[in-house]
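Asks: got a structure for you, letters missing:
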């Protein structure tokens, strides 16, 4: 299977709730990064996982956490949702620096 | 603090014209500069990328020009087509933090028929 797939495509949550977003990496890619893209802005790096370990984090609070599984699929978890968390969440997988393949994203709306 | 500054915010060009998007950066550790194309409802897709050891890279109608001393790089879309209408993002990353792409704010390009 090729490409990066994310689920769900859209999600509506209430402020204070918790959410889990999922990503299936491109076959053979051992690195996954997560980005938050607010409307009309460029993606912002949240964190990266390499071989199931977090090895880089952007300027996001600890309520943003993740997991990477042995099959290289991954999850992004956000606790205590805030209205400003409303955004498109993108997953990108890569094998090396020369190619990051992005999924189509999960559109999260917090009300 | 935005590490990569992109301009213009939006651009309208006629079919067959040239679209030019500019980016500037401050971090001299950046050594990989990709450009991404994003259509509504889709994730960014890698268009073309350059490393600072070359001043220009061309792939089809897309060309990156890179000026290391000025810390600037630009994307030229030649013979623009309506199908090129999308949002374009420049990005940069450093060898010690690969995977962490720093994106510009994006340029919405509209190609009129």
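Replies: Happy to help now that I have it. Only a predicted model underlies this, so the values are computations on that prediction, with no experimental measurement involved.
Asks: Output the below-cut-off pLDDT ranges for the chain.
Replies: Using chain A. Counting by pLDDT under 70, the low-confidence segments of chain A come to A:1-2, A:97-98.
Asks: wrong one, I was asking about chain B
Replies: Scanning chain B for pLDDT under 70 picks out the ranges B:1, B:98.
Asks: Do a quick rundown of the strands in it.
Replies: B:4-7, B:10-14, B:19-25, B:30-38, B:45-50, B:56-59, B:62-67, B:72-77, B:86-94, B:102-103, B:107-112 (DSSP state E).
Asks: Format those strands as CSV; extra columns: distance to residue A:80 and mean neighbour count.
Replies: Every residue, glycine included, has its C-beta placed from N, CA and C. Shown next, in CSV, are those (distance: least, C-beta to C-beta, whole Å; neighbours: other C-beta atoms under 10 Å in any protein chain shown):
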stretch, distance to residue A:80, mean neighbour count
strand B:4-7, 30, 18
strand B:10-14, 35, 13
strand B:19-25, 34, 20
strand B:30-38, 29, 21
strand B:45-50, 33, 17
strand B:56-59, 44, 12
strand B:62-67, 42, 18
strand B:72-77, 39, 20
strand B:86-94, 30, 23
strand B:102-103, 26, 23
strand B:107-112, 33, 17
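Asks: Those strands: which one's closest to chain A?
Replies: Shortest separation from chain A across the strands of chain B is recorded for strand B:102-103, at 3.4 Å, computed as C-beta to the nearest C-beta.
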